[in-house]
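# build the 3D model from these lines:
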Amino acid sequence: MNHSFFSYIFRMRYIARWALMRNTRTENVEEHSYEVAVLAHALAAIGRDVFHKELDPDQAAVAALFHDAAEIITGDMPTPIKYNNPPMKDAYRQVEAAAQDKLLSMLPPELVPAYEPLVRESDAGVRRYVKAADKLAAYIKCVEELKVGNCEFKKAAEQTLSALKDMDMEELEYFMEHLLPAFSLTLDELQ
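Okay, here's the model as predicted:
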């Protein structure tokens, strides 16, 4: 039998993000997943080390690597389409679940238990940190686009910042106060 799960995972680099926006630099799902993994790890580490919560940053990072795996099959549906219409949101959830089923069917049966929780994002506690990291990565993309004068991302930045604040996570507040400002700096300013 042909077990093509990992060859599909490696195709994330071909799925473009921000399809409705004029980008100064294109972004793909593979690099986005890496960035979300770094940020999920950071948020969980902040939760553990600053706010003394029982969190596993490594678990958050691994879950983030697979958080958009279904998009290999579905493509990246833009947020305004995916989430702003309840029937569309429900339909997308069904499509996403079918894509997750398809991906998991590409694994040898003995590996499904290791990857199913990651592909399905089944741990609610970890999923919260991954979702926060996902939004934070989107906001950082907006900040970087605005930094180079791309006003196309102004409204997206405002909406994403509002969504981040609505998450009401002290780890996000800490990151945004102490770590986020550096993303607005140029390389020379970072020195």
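# apart from its chain neighbours, what residue comes closest to residue 34?
Of all residues not flanking residue 34 in the chain, residue 65 sits nearest, at 7.4 Å (C-beta to C-beta, 6 or more residues apart in numbering). In short, each C-beta sits where N, CA and C put it, glycine included.
# count of residues packed around residue 50?
Neighbour count of residue 50, defined by other C-beta atoms under 10 Å: 13.
# surely it touches residue 174?
Yes - taking contacts as C-beta atoms under 8 Å, residue 50 lies within contact range of residue 174: 6.0 Å.
# now do the strands in this structure.
When assigned using DSSP state E, the chain turns out to have no strands.
# which ones are touching the residue nearest to residue 34?
Residues in contact with residue 65 (C-beta atoms under 8 Å, 6 or more residues apart in numbering) are 33, 34, 36, 37, 118.
# so the residue nearest to the third one when sequence neighbours are not counted versus residue 19, what's the distance?
By that I understand residue 36. The spatial neighbour of residue 36 that comes closest, neighbours along the chain excluded (C-beta to C-beta, 6+ apart), is residue 64 at 4.3 Å. Applying C-beta to C-beta, to the nearest Å, the value for residue 64 to residue 19 is 21 Å.
# compare these two (neighbour count), which wins?
Neighbour comparison, residue 64 and residue 19: the larger count goes to residue 64, with 31 against 13 (by other C-beta under 10 Å).
# the more buried one contacts residue 32, correct?
No - with contacts counted by C-beta under 8 Å, residue 64 stays clear of residue 32, the gap being 9.8 Å.
# returning to what we had before: can the contacts of residue 65 go into CSV with extra columns for pLDDT?
Shown next, in CSV, are these (pLDDT from 0 to 100):
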residue, pLDDT
33, 98
34, 98
36, 98
37, 98
118, 96
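# give me the buried entries from those.
For the contacts of residue 65, burial is judged from neighbour counts taken by 16 or more other C-beta atoms under 10 Å, and it is met by 33, 36, 37, 118.
# max pairwise distance over these: which two?
Farthest-apart pair in the buried ones among the contacts of residue 65 is 36 and 118; separation 12.8 Å (C-beta to C-beta).
# for the residue nearest to residue 36, give me its contacts.
Per C-beta under 8 Å, 6+ apart, neighbours of residue 64: 33, 36, 37, 39, 40, 41, 130, 133, 134.
# how far away is the second one from residue 136?
Using C-beta to C-beta, residue 36 is found at 8 Å from residue 136.
# cool, the fourth one as well?
Computed with C-beta to C-beta, the distance linking residue 39 and residue 136 is 5 Å.
# give me the common contacts of these two.
residue 175.
# for residue 83, which non-adjacent residue is closest in space?
Nearest non-adjacent residue to residue 83, counting by C-beta to C-beta, 6+ apart: residue 89, 5.7 Å away.
# is it true that that neighbour touches residue 77?
No - assessed by C-beta under 8 Å, residue 89 is found out of contact with residue 77, at 10.2 Å.
# so between those two, which is more surrounded?
Neighbour totals were compared for residue 89 and residue 77, and residue 77 leads with 15 against 12 (other C-beta under 10 Å).
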